[in-house]
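**Student:** Need the 3D shape of this:
(one chain, ligands or ions: 2)
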Amino acid sequence: MENLVDDCLFCKIIKGDVPSYTVFENDDVKAFLDISQVNPGHVLMIPKKHIVNLFDYTNEDAKKYLQYIPEIANAIKNAFPNVTGMNITTNNGEVAGQVVMHSHIHFIPRFEGDGLHLMTRNNADDYNEAKYTEVANKIKEQF
Ligand code: AMP
Ligand code: ZN
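**Tutor:** Ligands and ions are numbered 1, 2, ... in the order given. This is a model prediction of the structure:
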């Protein structure tokens, strides 16, 4: 366990100072039920290192910690016969809805008729070739 901090809720969960319904754990990550279940089986996966959010991951961090995403997704899916899909999301920064400042991946199992509407804004009508080219180029230049 590297670099845990005292005043972080998820570091406390890693240390066992705050209880959690753990579903998977190894030297790198811990996965446990979100206390507020958006759908049954909603899990959070956290690195066992205090990293605020994805903006702070090195490529090595990404390889080390994010490699478990498909395995955890499949475990949740296989646990519930009615789960036929899943939203895997991460909120990065307060403006994006991040409340706990220790990086975490949400696994939200989906089943037919669950009535959840995530990412519902559709701006496809605003398509504009020049604008899209400008936006894509701004990002490309950063690599
Ligand atoms: P976010 O808004 O992406 O930062 O998500 C933080 C998540 O942490 C929320 O979905 C909370 O329900 C969840 N959460 C807060 N406290 C706990 C806790 N003690 N155990 C498990 N999940 C928690
Ligand atoms: Zn932490």
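**Student:** hey, let's count contacts and neighbours off CA atoms from now on
**Tutor:** Will do.
**Student:** so how many other residues sit close to the residue nearest to N53 when sequence neighbours are not counted?
**Tutor:** Excluding its sequence neighbours, the residue lying closest to N53 (Cα to Cα, 6 or more residues apart in numbering) is S103, at 4.3 Å. Neighbours of S103 under the rule other Cα atoms under 10 Å: 25.
**Student:** On the three-state scheme, S103 is what?
**Tutor:** coil (DSSP: H, G, I helix; E, B strand; the rest coil).
**Student:** pretty sure it is touching I51, no?
**Tutor:** Yes - counting by Cα atoms under 8 Å, I51 is a contact partner of S103 at 5.7 Å.
**Student:** State the pLDDT value of the residue nearest to N53.
**Tutor:** Looking at S103, its pLDDT is 98.
**Student:** residues in contact with it?
**Tutor:** Neighbouring residues of S103 by Cα atoms under 8 Å, 6 or more residues apart in numbering: 46-47, 50-54, 90, 92.
**Student:** Ligand 2 next: which of these are close?
**Tutor:** Applying Cα under 5 Å from the ion to the contacts of S103, one finds that H50 fall near ligand 2.
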